[in-house]
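Colleague: requesting a structural model of the entry that follows:
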Amino acid sequence: MADKKPIELEEGWASMQQGINKLVRLLEGETESQFNAEQYMMLYTTIYNMCTQKPPYDYSEQLYQRYREAFNNYINDKVLPSLRNHSDEVLLKELYHRWNNHKVMVRWLSRFFNYLDRYYVLRHSLHPLKDVGLLCFRDQVYADVKRNTRAAVLKLIEREREGELIDKTLLKHILDIFIEVGMGSMDCYERDFEEVLLTETANYYKRKASEWINQDSCPDYMLKAEECLRLEEERVDNYLHPSTKLKLLKEVENEVLTKYENDLLQKEHSGCAALLRDDKTDDLARMYRLFSRIPKGLDPIADCFKEHVEGEGMKLVKEVAEAVEAKKEKDSGKPSKDSGTSYEQQYVRQVIELHDKYLTYVGTCFANSSLFHKALKEAFEGFCNKNVAGSTSAELMANFCDNLLKKGGSEKLSDEAIEETLEKVVKLLAYISDKDLFAEFYRKRLARRLLQDKSASDDHERSILTRLKQQCGAQFTSKMEGMVTDLQLAREKQQNFDEWRQRKNKQLPIDMSVTVLTTGFWPTYKSMDLALPAEMVEGIAAFKEFYEDETKHRKLTWVYTQGTAVLKGNFDPKSLELVLSTLQAATLLLFNEGEELSYSEVQERLNLQEEDVTRLLHSLSCAKYQILVKDPQNKVIGKNDKFRLNVKFTDRMKRIKVPLPPTDEKKKVIEDVDKDRRYAIDAAIVRTMKSRKVLQHQQLVLEVVQQLSRMFKPDFKLIKKRIEDLIARDYLERDKDNPQLFKYLA
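Modeller: Numbers count the residues shown, from 1 in each chain. Predicted structure coming up:
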């Protein structure tokens, strides 16, 4: 059988050219029937045959070249002339139309020439047919019209920014061309469009921001800034590539926010300080949202917030100082109350409210940002450690808690409200640098509440101790917890004593209850060798006997200053019940026989020091209830005065409490705290040196401060003094060559 005659190049190409011309007429919208299967197969077969003929009739290389030329011819004859006639939006529409046509042409021609792709292209590592079609478009059409196209796109974007409606779908299609001609790379999109878009955007918002900053208030400016950022994000979602988003927003943020931040925040009647002053929470939240977008954008706002909060706090400090001063002038000569004036109580309440308010701001306006928590902390530390009307905040907070927790306090609150308030006070304690001072004042007040049965609720007492323990550590509350436990044990001990008396059949001339306390837990009380009246002596002897039966190796020390007694006073008008301290009761019982006693006789019989006798006699003869008559009748106790029972004494109440003039506890507390601080510093120095053996002076001081700062702020001079003291006591020694270097002595 004879070989089939090979197809010559020009002969084969002539039939291919007919197919290509038909495709072009279809694309140009001319009257032409669609390809049928027979025509398609004929064209495909022609290529197949021309590529599979034996050399020299294998025309694969020539066909590959002519495939490219077919595109180039079509582009030069039809596409470029149509595009060059148009501009602006019409150009974009024509370009999109031509791009779609080109993709159809690529699809059809690559099918006709498919056999080239399967063997020739693979064997010679050439561009696949589809890529060749795209490259022709990129190198000729795209290169020719990209500048005009970009200008048209940017013009449309600016019109949209000015509020006009535009064809977003068209823009999306055009920008897709920039991406697709990159053939997997974003170079064309980024180099030919995005770079110019970013520059144009920066210029546009530069103009806008310079107008807004001059004509708008801070809230209005921020509304516009927020809106333009929202619209730019929408723009990316609608037609720009997602990779443009961050770059585009960065340009807007830079022009609208970064460049004008200081001007905006410092606007006189609408800046950050004014928004805080007028409680504009929505605007503050917007400010936070906007400036959190730029590096270090929140720092000036946090500084402004700190300054504002500290200013509000200092205003409270000043107000209470003025109110207390005015009250002192008004009440000069009257005895002062120990639990803080109502103004000072009000001050703590206002500080709590201030903290609540700005803590809410941090949560709602500033998204619980750690930067703003830090600003709030520093602001409160700033004014909470100032002296308030001669008292420290530590003392005022202890007094405030005392008022909350004692019976008959001025704060009438429900149990839930008390719990909530206690929690807030403990939170405030975090800002106080002298926590040890608070602890000592609180312990004094707690002791008084417990011993005088003034505590309103054991649950509340335990609750605040639990909170303090969580905030400041177990060491902070160990003594206070011991005090509360002591009271429970003392009640059991009293019950055991009553049962013991019944068993022993011991009758006492008076009803007597004893509270046994552990020395280490309680504040130190003044001890005195009081000569008790006979009625009391018998009771004390009985309790001693009971206690020694029950416990071994423990010694009882009687603290008469903390005891109370109820006496029945038989006066001429009527009988009265008198609630007194143990010392007052012992004093009044001296006058049971109706005799007149001199100052020195009272002192001798009670066996007390002068200052105690003076205080007792003053409370019974010169104060509110004058149960004793003093001769001469004046308000000053003299050593030559004489006293007798006022048999005519009466009162409208059946039961009266006779107060003792208050002693100045504050001075004693501060002395105790100073003493404890010296011990704490000594312990910290020894602890540090024991572990480090050798240390420079500065490093030692820093480590000691770090160890102690949870409880108080140690004074550098005091640390230096304690180091000298420890050197004198042979705990440390100075290096002979370097006096700044210390060594630990075991």
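
Colleague: in space, what's closest to the residue most central in space within the chain - neighbours in sequence excluded?
Modeller: Note on the chain: the residue nearest the mean C-alpha position is His373, at 2.8 Å, using CA atoms, centre = their mean. Nearest residue to His373, sequence neighbours excluded (CB to CB, 6 or more residues apart in numbering): Val362, at 5.9 Å. Yep, even glycine has a C-beta here, placed from its N, CA and C like the rest.

Colleague: re the thing from before, do you know how far the residue nearest to the centre of the chain is from Phe305?
Modeller: Distance from His373 to Phe305, counting by CB to CB, to the nearest Å: 11 Å.

Colleague: strands along the chain, start to end?
Modeller: Secondary structure of the chain (DSSP state E): strands located at 564-570, 575-581, 597-598, 628-631, 642-645, 655-657, 694-696, 732-734, 741-744.

Colleague: count of residues packed around Asn72?
Modeller: 12 (other CB atoms under 10 Å).

Colleague: just Lys306 next, same as before
Modeller: Quick note: Lys306 (other CB under 10 Å) scores 19 neighbours.

Colleague: what does Ala367 give?
Modeller: Neighbours of Ala367 (other CB under 10 Å): 12.

Colleague: with Glu325 instead?
Modeller: Other residues close to Glu325 by other CB under 10 Å number 13.

Colleague: Pro128 against Asp117, yeah?
Modeller: Yes. With contact defined as CB atoms under 8 Å, Pro128 and Asp117 form a contacting pair (5.7 Å).

Colleague: out of these two, name the residue with the larger neighbour count.
Modeller: A side-by-side neighbour count of Pro128 and Asp117, using other CB under 10 Å, places Asp117 first with 17 against 13.

Colleague: list the residues that contact the nearest residue to that one once chain neighbours are set aside.
Modeller: Among residues not flanking Asp117 along the chain, Leu129 sits closest, at 5.2 Å (CB to CB, 6+ apart). With contact set as CB atoms under 8 Å, 6 or more residues apart in numbering, Leu129 has these partners: 67, 106, 109-110, 113-114, 116-117, 121.

Colleague: among those, which are in helices?
Modeller: Of the contacts of Leu129, the ones assigned to helices by DSSP state H are 67, 106, 109-110, 114.

Colleague: Ile294: which of those residues is nearest?
Modeller: Val106 (45.9 Å; CB to CB).

Colleague: what's around that closest one, how many residues?
Modeller: Using other CB under 10 Å as the criterion, the residues surrounding Val106 number 19.

Colleague: ditto for the one 10 residues further on
Modeller: Here the neighbour count serves as a burial measure; for Leu116 (other CB under 10 Å) it reads 24.

Colleague: burial check on the closest residue in space to it that isn't next to it in sequence, number of neighbours?
Modeller: Distances taken as CB to CB, 6+ apart put Tyr64 closest to Leu116, at 5.7 Å, once the chain neighbours are dropped. By other CB under 10 Å, 20 other residues sit near Tyr64.

Colleague: from Phe112, how far out is Tyr64?
Modeller: Distance from Tyr64 to Phe112, by CB to CB: 13 Å.

Colleague: Arg445 too?
Modeller: Where Phe112 is concerned, Arg445 sits at a distance of 100 Å (CB to CB).

Colleague: residues contacting the nearest residue to Asp529 once chain neighbours are set aside?
Modeller: Excluding the flanking residues, the one nearest Asp529 by CB to CB, 6+ apart is Asn607, at 5.8 Å. By CB under 8 Å, 6+ apart, the contact list for Asn607 reads 529-531.

Colleague: and if you look at Glu94?
Modeller: 82-83, 86.

Colleague: mind giving me the PyMOL command for buried ones among these?
Modeller: Filtering these down to the buried ones (16 or more other CB atoms under 10 Å) takes a single PyMOL command:
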select buried, resi 83+86
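
Colleague: nearest to Lys648, of the contacts of Glu94?
Modeller: Once CB to CB is applied, the member of the contacts of Glu94 that ends up nearest Lys648 is His86, at 120.6 Å.

Colleague: how close does the residue nearest to the closest one when sequence neighbours are not counted get to Leu80?
Modeller: Closest residue to His86 apart from its sequence neighbours, by CB to CB, 6+ apart: Glu94 at 5.1 Å. From Glu94 across to Leu80, the span is 11 Å (CB to CB).

Colleague: returning to what we had before: surely the residue nearest to the centre of the chain touches Gly363?
Modeller: No. Using CB under 8 Å, His373 is not in contact with Gly363, being 9.6 Å away.

Colleague: centre of the chain to stretch 388-398, how far?
Modeller: Remark: stretch 388-398 is offset 24 Å from the chain centroid, using CA atoms, centre = their mean, to the nearest Å.

Colleague: tell me which residues of that stretch are tucked away?
Modeller: Within stretch 388-398, the residues that count as buried by 16+ other CB under 10 Å are 388-389, 391-398.

Colleague: equivalent analysis for stretch 174-191, please.
Modeller: Buried residues in stretch 174-191, counted by 16+ other CB under 10 Å: 174-175, 177-182, 188-190.

Colleague: got it, and stretch 577-596?
Modeller: In stretch 577-596, counting by 16+ other CB under 10 Å, buried: 578, 580-591.

Colleague: off-centre distance for it?
Modeller: 58 Å.

Colleague: who's in contact with that stretch?
Modeller: Residues outside stretch 577-596 that contact it (CB under 8 Å, 6+ apart): 530-533, 535-536, 560-569, 597, 602, 605-606, 608, 612, 616-617, 619-620, 627-628, 642-645, 654-658, 660.
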